[in-house]
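Participant: below is the sequence, then the predicted model.
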Amino acid sequence: MSAERGERLRVLHLHSSFDRGGKELRAARLMNAFGRGIAHDVVSAVPGALGAASAIDRGIRVTYPEAFPSLSGKPTPGRLQRIAAAMKPYDLILTYNWGAMDAVMAHTVFREFVGLPPLVHHEDGFNEDEADRLKTTRNWYRRIALGRASALVVPSRKLEKVALGAWQQPAGRVVVIPNGIKLAAYKKKPAPDALSRIVKRPGEFWVGTLAGLRAVKNLPRLVRAFAGLPEEWQLVILGEGPERDAIKAQALASGIAHRVHLPGFAPDPAKALGLFDIFALSSESEQFPISVIEAMAAGLPVASSDVGDVADMVAAENREFICAPRDDDALARVLSRLAADAPARAAIGGANRAHAAKHFDEGRMIEAYRQVYARALGKPQFP
């Protein structure tokens, strides 16, 4: 392997998608933090879905090999062996979510035969096809595929329970690493025109969210829950994705199209979230959403469905505004209460900022990942 020859460490990243999203941007931040001593190859199971590449610093050596075998398809022995052969030249393999699970299976089946490097798998949650319940066939597949992984990294306690239970992973393999961010970047209040496509006008208040516009985020629910707020309130949804038309349609049906704004992806959330007065989350499924940490760091109250670890992430003062999941009326009620109480918004936002500073610093997260990858490589430190 290259590291044994004194050359630059080679790391292969196999993603379900590398579009702009929480796990993808975290992976990019980790690449930046690990510095120039590593050469990264990034493969997306969705061809061309490489939007998070823009978050990687220019000095980081990263390529996107187009000839790598497809991560999608039937897990036939021949296909898995081709994937295994393509993984051989690297020093460490990092896989992400269900979309990369065939590569994990290829590693388990062919590791000894091909002579493969160690693999660390990361699970961050589920799409809409497993939002209601996990699929039994996928549970079985994960149990077998993860059998030779050096570690399974998850961000939330709820996902840890799934890994130990439904996936039957040994406790020594499962590592919980909460997401973290650069907290200091969120202290400064953004200018009203910080978002190029929309300006916050005097007398306006914003309910906002930051999310990929995907079905699992159920943003039409947020539109419906927001609809009863007074006219001075605006709904700002930052993100891109296939559900844009469904969100617009719901805004029209609710009679509030003039108050619902979709200005697109925010490349620097620290320059946008501070414009919000309330952060809202309406997802069908989450685990440990980075956007909630970002909102807390910006000093915002959070109105959210009770999904993943959200209720445990926020400060104690905020927990009564984490409502029953999949309930439009419940989300509408907590939004209405926060919208009507400016002192409560300020107090809860301050408590959230302090809680984030204590628990969700990016430096602590980066060090935890360094330790996991170093152990996988059998080295005292990484890189």
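Facilitator: Noted; the coordinates are in hand. Not measured: the values here are computed from a predicted model.
Participant: report the buried residues of stretch 304-315.
Facilitator: For stretch 304-315, the neighbour count (16 or more other Cβ atoms under 10 Å) marks 304-311, 313-315 as buried. Yep, even glycine has a C-beta here, placed from its N, CA and C like the rest.
Participant: oh, that last question was meant for stretch 268-277, not what I typed.
Facilitator: For stretch 268-277, using 16+ other Cβ under 10 Å, the buried residues are 269-277.
Participant: which one of those residues is nearest to residue 126?
Facilitator: Closest approach to residue 126 among the buried residues of stretch 268-277 (Cβ to Cβ): residue 269, at 23.1 Å.
Participant: excluding covalently adjacent residues, which one is nearest to the closest one?
Facilitator: Using Cβ to Cβ, 6 or more residues apart in numbering and skipping the chain neighbours, the partner closest in space to residue 269 is residue 294 (5.0 Å).
Participant: so that neighbour makes contact with residue 270?
Facilitator: Yes - with contact defined as Cβ atoms under 8 Å, residue 294 reaches residue 270; the gap is 7.4 Å.
Participant: shared neighbours, the two?
Facilitator: residue 186 (Cβ atoms under 8 Å, 6 or more residues apart in numbering).
Participant: name the element residue 7 belongs to?
Facilitator: Secondary structure assignment for residue 7, by DSSP states H and E: no helix or strand.
Participant: on that earlier part again, and which of the buried residues of stretch 304-315 is nearest residue 282?
Facilitator: Nearest to residue 282 among those: residue 305, at 6.0 Å, using Cβ to Cβ.
Participant: and residue 123, how far from residue 165?
Facilitator: From residue 123 across to residue 165, the span is 13 Å (Cβ to Cβ, to the nearest Å).
Participant: same question, residue 316
Facilitator: Residue 316 is 28 Å from residue 165, by Cβ to Cβ.
Participant: now do residue 106
Facilitator: Distance of residue 106 to residue 165, given as Cβ to Cβ: 25 Å.
Participant: which one of these two has more residues nearby?
Facilitator: residue 106 (29 against 11; other Cβ atoms under 10 Å).
Participant: you'd agree the more buried one is in a helix?
Facilitator: Yes - counting by DSSP: H, G, I helix; E, B strand; the rest coil, residue 106 falls inside a helix.
Participant: returning to what we had before: which of the buried residues of stretch 304-315 fall within strands?
Facilitator: 304-305 (DSSP state E).
Participant: among the buried residues of stretch 304-315, name the ones in helices.
Facilitator: 310-311, 313 (DSSP state H).
Participant: columns pLDDT on top of the residues you listed, output as TSV?
Facilitator: Listed next are those as TSV, based on pLDDT from 0 to 100:
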residue	pLDDT
310	96
311	96
313	96
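Participant: between those, which is nearest residue 376?
Facilitator: For those, the minimum distance to residue 376 (Cβ to Cβ) is 27.4 Å, reached by residue 313.
Participant: now the strands for the stretch 51-200 of the chain?
Facilitator: Using DSSP state E, counting those that start in this stretch, the strands found in the stretch 51-200 of the chain span residues 61-63, 92-96, 119-122, 151-154, 174-176.
Participant: partners of the first one, with directions?
Facilitator: Sheet neighbours of strand 61-63, with direction, are listed as strand 38-44 (parallel) (DSSP bridges).
Participant: ok, residues contacting the strand it pairs with?
Facilitator: Strand 38-44 has contacts (Cβ under 8 Å, 6+ apart) with 2, 8-19, 31, 50, 53, 60-65, 68, 71, 90, 383.
Participant: by neighbour count, sort out the buried ones in those residues.
Facilitator: 9-19, 31, 50, 60, 62, 68, 71, 90, 383.
Participant: for residue 14, phi and psi?
Facilitator: Taking degrees, to the nearest 10, you get phi -110, psi 110 for the backbone angles of residue 14.
Participant: if you could redo that for residue 277, that was the one I meant.
Facilitator: The phi/psi pair for residue 277 (degrees, to the nearest 10) is phi -100, psi -30.
Participant: can you name the residues bridging to the closest residue to it other than its chain neighbours?
Facilitator: In space, and not counting its chain neighbours, residue 277 is closest to residue 205: 4.6 Å by Cβ to Cβ, 6+ apart. Beta-bridge partners recorded for residue 205 (DSSP bridges): residue 233.
Participant: do I have it right that residue 205 meets residue 234?
Facilitator: Yes - with contacts counted by Cβ under 8 Å, residue 205 reaches residue 234, the gap being 7.2 Å.
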